[in-house]
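> Can you look at this prediction? I've put the sequence above it.
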Amino acid sequence: MKLFKLSHWLHKYLGLVLLLFLAWMSLSGVLLNHPGLIQDISVHRMFVPKQYQPNNWNRSGLKGIEYMGDSLLLYGRQGAYLSHDNGKSFDTFMKGEFPRSALGRRSNHMYYSKNNKILLCATNRGCLQYDFGNTKWKKLQLPEGDEPILKILNTGKHLLLVSKSNVYQSLQDNDDLQFRKLHFKKNYYSSKISLIQVFLELHDGSIWGLPGRLLWDIAGLVLFFLCISAFYIWYYPKKWKRRYKKGGRRASYKEKSTRSFFFKYHKKLGWYFAILLVIISLTGMFLNPILMMTLMNGSIDSKYYPSLKNENPWNHKIRNALYDTQNGQLVLDCSDGIWAGQYNKNEEFKKIKLPVRIFGMGTTVFEEEEPGVWLVGSFGGLHRVYRAAGNVEKILQTKGDDQSGRPASTFVTGYQKLPDGKYYILGHYKGISNEKGEQLTKMLPMPEYIRENSRLPLWNYMFELHNARIFRGGIGAFYMLIIPLAGFLSLLMLLAGILDYWLTKPRKSKKYKN
């Protein structure tokens, strides 16, 4: 029984070492699977690590600026702020129906038209229009409800709202803006599914739609129960033994019954959900920056992909957008490539290639600087692309062109050009920076009250906890080792538990007829 002793030892002691890790992963995973349930809950800055608190408009605290006469209207992760003194001081600009939660008020884009007196704000809870007469925001009604809006585009004839799955069109000169959903297709559907997408959807169960998510939720709750029961089974017999030696008091019937209950269902539920827990652990281990690199170029044929089909070819694929005035085309940056086509004609969008490297998470800067000249930025750098000539000007890049999976030292989240022709770059960690990636702290001083009143959405807090990035402030880049190492040990612990149960499982005796 040497094999049993080894498997028992591995399952017991690896489980105890990983107890807290598995408990927080199970609960955070269930919450992350249903963002709608926690979208209005925020975490006070008191409980948020320092690196997540805004500084110099970093972490997308500043996404861009709209100029309204002599005033600056700044928007970003913290909401919208107005300055009447050229950025020396700011007042909140979120009266009316502007979302109140930290997640909802995140402003992804703004559009201002002086001629038509239209001011729109794209937030994580839909699109808002500013009522200049009543000086407050009002929410626009969209066909798909309050879905996050990523971009607002002016085509000259229409305004377009772009979300992760849909594009909406409105007449620009309409005071009472009404939007309709556009329907356009791709000229072909890829028969390949990236391994990253497969692993992501296997990890949260969405590969089988809502039923898959719910089953994975149950597995997450079972894992949390296994953590609680494992601790009880291990700790309380030791406590009873110490108590007996000290005062001669034995464990009560209720205490023994509780331990028997935990022991019985720890084995049963662990056995029933073993395969699911192995899948969750294995896929989660590879969704880490280190091991994800091994999946970058992998794919499987779509005919082997069990995911429920969605009629919308853009469903949860759109990451950014721009309007190409030179060719009259809408250009969409999607998780499966960049697509371009005329939105107001019944034509299929075609895939195009850009001569720049785009970090795996997509573009963070994607706009037309002038006809035929695009600004394309991501965590991999910032470029100016001359479409007709196919030339590229590097504005900011510190890595090689072939390293699309590796971020640059300055994670570009935005680009802002000033009226005097000067510009600055917005970095995820550094905030406002110059073209060399050097931090600029005096250009637009961030008010202290924004930092003091900052909140982190609970969903983001759970996500940072789930991927262990929340420990970056304490251990630096070593945080990237937590998930692959703990994932490997979890797999080993689960496999040892499966073997342990199999070796001790009662066998049914065979009956032979005489």
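Done, it's in. Residues are numbered from 1 along each chain as shown.

> what's Phe478 sitting at in phi/psi?
Backbone torsions of Phe478, given as degrees, to the nearest 10, read phi -60, psi -10.

> List the buried residues for whatever helix or strand Ile228 lives in?
Taking DSSP states H and E as the definition, one finds Ile228 inside helix 209-247. Within helix 209-247, the residues scored as buried using 16 or more other CB atoms under 10 Å are 212-213, 216-217, 219-227, 229-233, 236, 240. In this view, the C-beta of every residue, glycine as well, is placed from N, C-alpha and C.

> Could you measure from His84 over to Leu72?
His84 sits at a distance of 8 Å from Leu72 (criterion: CB to CB, to the nearest Å).

> same question, Gly337
Counting by CB to CB - Gly337 and Leu72 are separated by 36 Å.

> neighbour count winner among those two?
Leu72 (19 against 15; other CB atoms under 10 Å).

> wait, what's in contact with the nearest residue to that one once chain neighbours are set aside?
Leaving aside its sequence neighbours, Leu72 sits nearest to Ser83 (CB to CB, 6 or more residues apart in numbering; 4.4 Å). Shown in contact with Ser83 (CB atoms under 8 Å, 6 or more residues apart in numbering): 71-74, 89-91.

> From those residues, which land in strands?
If you go by DSSP state E, the contacts of Ser83 have 71-74, 91 in strands.

> and those, which are buried?
72-74.

> ok, which stretches of the stretch 251-400 of the chain are helices?
Under the criterion DSSP state H, counting those that start in this stretch, helices of the stretch 251-400 of the chain are mapped to 253-272, 274-286, 289-292.

> among those, which is the most enclosed?
Ranked by mean neighbour count, the helices of the stretch 251-400 of the chain are led by helix 274-286 with a mean of 19 (mean count of other CB atoms under 10 Å).

> Which strands or helices does that one pack on?
Judged by 3 or more CB pairs under 8 Å, 6 or more residues apart in numbering; DSSP states H and E, the packing partners of helix 274-286 are helix 195-204, helix 209-247, helix 482-504.

> Any chance of the ones you listed in CSV with distance to Arg455 and mean pLDDT as columns?
Shown next, in CSV, are the helices and strands packed on helix 274-286 (distance: least, CB to CB, whole Å; pLDDT from 0 to 100):
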stretch, distance to Arg455, mean pLDDT
helix 195-204, 25, 92
helix 209-247, 26, 91
helix 482-504, 25, 95
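
> Of all the ones you listed, which one is nearest Leu22?
The closest of these to Leu22 is helix 209-247. By CB to CB, the value is 5.3 Å.

> Now do the buried residues in the helix or strand of the chain with the lowest mean pLDDT.
One helix or strand of the chain scores below all others by mean pLDDT, DSSP states H and E: strand 192-194, with a mean of 80. Across strand 192-194, burial judged by 16+ other CB under 10 Å covers 193-194.

> With adjacent residues omitted, what lies nearest to Met285?
Gly487 (3.0 Å).

> quick one: the one you found from Arg59, how far?
Counting by CB to CB, the gap from Gly487 to Arg59 is 27 Å.

> What of Thr441?
From Thr441 to Arg59 the distance is 15 Å (CB to CB).

> what about the two, which has more around it?
Arg59 (23 against 14).

> got the contact list for the more buried one?
Contacts of Arg59 by CB under 8 Å, 6+ apart are 52, 77, 413, 428-429, 431.

> The closest residue to Val412 other than its chain neighbours: how many residues sit nearby?
Counting by CB to CB, 6+ apart, Val412 lies nearest to Gly377, which is 4.3 Å off, once chain neighbours are set aside. Other residues within reach of Gly377 by the criterion other CB under 10 Å amount to 29.

> right, and Pro289 touches Tyr479 too?
No: contact criterion CB atoms under 8 Å: Pro289 and Tyr479 do not qualify, at 9.9 Å.

> rewinding a little: CSV for the helices and strands packed on helix 274-286, including distance to Tyr188?
Putting the helices and strands packed on helix 274-286 into CSV (distance: least, CB to CB, whole Å) gives the following:
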stretch, distance to Tyr188
helix 195-204, 18
helix 209-247, 24
helix 482-504, 36
